[in-house]
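Visitor: Here you go, sequence then predicted model.
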Amino acid sequence: AAVRGAVPELAPVPTSFRTWAHRLQDEARDRTAELDLWTRTLGDGTARLDPAVGIFGTQGHRLDPAVDTFGTQGHLTLELPPDVTEPLLTRLPAAFHARVGDVLLAGLALAVSRWTGQDSVLLDLEGHGREEIFPGVDLSRTVGWFTTMYPVRLDPGPADWADLRGPTAGRAIKRVKEQLRAIPDNGIGYGLLRHLNPATAAELSRHPVPELAFNYLGRVETATGADWSPAPESDAAGGGHAADLALPHALEVNAVTRDTPDGPRLRATWSWAGRLFDEERVRELAEAWFTALTGLSLHTGGGLTPSDLMVSISQEEIDAFASELDAEWSAREPA
């Protein structure tokens, strides 16, 4: 319209941010059935990232909001090459009927589980928050920050680190995918019960916040000269926070895929409380995650999981059926 010399006239926004906020306030009263899920997920505060459980902290203490601030935070950024990134974004999610985040979290769960020596990994997962939980609500043109943050406990299963491209890869992706699918509405209920429902907030506030947080920001263009591209300051780790603001997590991973002229590259920035961790140990964990992802990227398998089907069936039964079909098809192939 502007090019034609006319005055642009946008249609009304279907749902305002204010309307969304009011709907969430009402919804918080109807989510109490999820309380048991979240208390079980948070558990008793185990799966900690400190020396008490054999990982790499230097102090072994939880965050102190008066001391552990953004001004004391350390940062490390690593990047995967296109030949590893591409299958993580395309072939693997398609083969397992999964999402990109499922694959990335499977690799992260393998790496953290190895470092802690624990079967499960407790972390805060950040999501976009624009969940379709209300009929007639359309957020496609609503400007605002809808982020959700909720705890997940992931168990990738036993791992063979000498052959991460083998059965370890398929098992980890399937297990983590199903554990994530078991969370209602991508976790939006946790924030409602933790912050908007006084009857449940007290119970959830008694549980420690996970020390590790993960956020996958998706895929962005990096071409210069485009109408929209990342601002130069977006590469500055930790930007946008006051130096004396308390850290919400002891360790955070923010990952994004950037489309470059030679292909997509997964870039991960690790940020940590400087009093609790040192760069050498964080680098070891960061590289372990990329080692796991590299192994997963070479995996050639795939398959269904229970959440893909409309019948009640276990993963063991699905795998058994798949094996029988493979054997039958192989027998039918001409010599």
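Guide: On my side now, so go ahead. In this text, all values refer to a predicted model and were calculated from it rather than measured experimentally.
Visitor: Helices along this protein, start to end?
Guide: Using DSSP state H, the helices of the chain run over residues 17-28, 35-42, 82-89, 91-95, 100-116, 167-181, 188-191, 198-205, 279-297, 315-332.
Visitor: Switch those helices over to JSON lines; also include distance to residue 304, mean neighbour count and mean pLDDT.
Guide: The way it works is simple: take the backbone N, C-alpha and C, and place the C-beta from them, glycine included. JSON lines is the format used below for the helices of the chain (distance: least, C-beta to C-beta, whole Å; neighbours: other C-beta atoms under 10 Å; pLDDT from 0 to 100):
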{"stretch": "helix 17-28", "distance to residue 304": "32", "mean neighbour count": "14", "mean pLDDT": "94"}
{"stretch": "helix 35-42", "distance to residue 304": "24", "mean neighbour count": "16", "mean pLDDT": "95"}
{"stretch": "helix 82-89", "distance to residue 304": "19", "mean neighbour count": "18", "mean pLDDT": "97"}
{"stretch": "helix 91-95", "distance to residue 304": "10", "mean neighbour count": "18", "mean pLDDT": "96"}
{"stretch": "helix 100-116", "distance to residue 304": "14", "mean neighbour count": "24", "mean pLDDT": "95"}
{"stretch": "helix 167-181", "distance to residue 304": "9", "mean neighbour count": "22", "mean pLDDT": "95"}
{"stretch": "helix 188-191", "distance to residue 304": "26", "mean neighbour count": "24", "mean pLDDT": "96"}
{"stretch": "helix 198-205", "distance to residue 304": "34", "mean neighbour count": "14", "mean pLDDT": "94"}
{"stretch": "helix 279-297", "distance to residue 304": "18", "mean neighbour count": "19", "mean pLDDT": "95"}
{"stretch": "helix 315-332", "distance to residue 304": "6", "mean neighbour count": "11", "mean pLDDT": "73"}
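Visitor: Export these to CSV and append columns for distance to residue 149.
Guide: CSV is the format used below for the helices of the chain (distance: least, C-beta to C-beta, whole Å):
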stretch, distance to residue 149
helix 17-28, 14
helix 35-42, 12
helix 82-89, 24
helix 91-95, 23
helix 100-116, 14
helix 167-181, 15
helix 188-191, 7
helix 198-205, 12
helix 279-297, 20
helix 315-332, 29
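Visitor: Looking at the ones you listed, which is nearest to residue 136?
Guide: Closest of these to residue 136 is helix 17-28, at 10.1 Å (criterion: C-beta to C-beta).
Visitor: Other residues contacting that closest one?
Guide: With contact meaning C-beta atoms under 8 Å, 6 or more residues apart in numbering, helix 17-28 is reached by 133-134, 137, 139, 142-144, 146, 192-193, 196-197.
Visitor: Kindly write the PyMOL command that selects the buried subset of these.
Guide: Burial among the contacts of helix 17-28 is assessed by 16 or more other C-beta atoms under 10 Å; the matching PyMOL selection reads:
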select buried, resi 133+139+142+192+193+196+197
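Visitor: of the contacts of helix 17-28, closest to residue 255?
Guide: Within these, the smallest distance to residue 255 is 19.3 Å, found for residue 146 (C-beta to C-beta).
Visitor: Just the pLDDT for residue 262.
Guide: Per-residue confidence (pLDDT) for residue 262: 92.
Visitor: which residues does it contact?
Guide: By C-beta under 8 Å, 6+ apart, the neighbours of residue 262 are residue 82.
Visitor: ok, now how distant is it from residue 255?
Guide: Remark: distance between residue 262 and residue 255 (C-beta to C-beta, to the nearest Å) = 19 Å.
Visitor: Using TSV, lay out the contacts of helix 17-28 together with pLDDT.
Guide: Output for these, formatted as TSV (pLDDT from 0 to 100):
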residue	pLDDT
133	94
134	94
137	93
139	94
142	93
143	89
144	84
146	90
192	97
193	97
196	95
197	95
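Visitor: Just name the closest of the contacts of helix 17-28 to residue 89, please.
Guide: Using C-beta to C-beta, residue 146 comes nearest to residue 89 of these, at 23.4 Å.
Visitor: so that closest one touches residue 139, yeah?
Guide: Yes - with contact defined as C-beta atoms under 8 Å, residue 146 reaches residue 139; the gap is 7.1 Å.
Visitor: I am finished for the moment; much appreciated.
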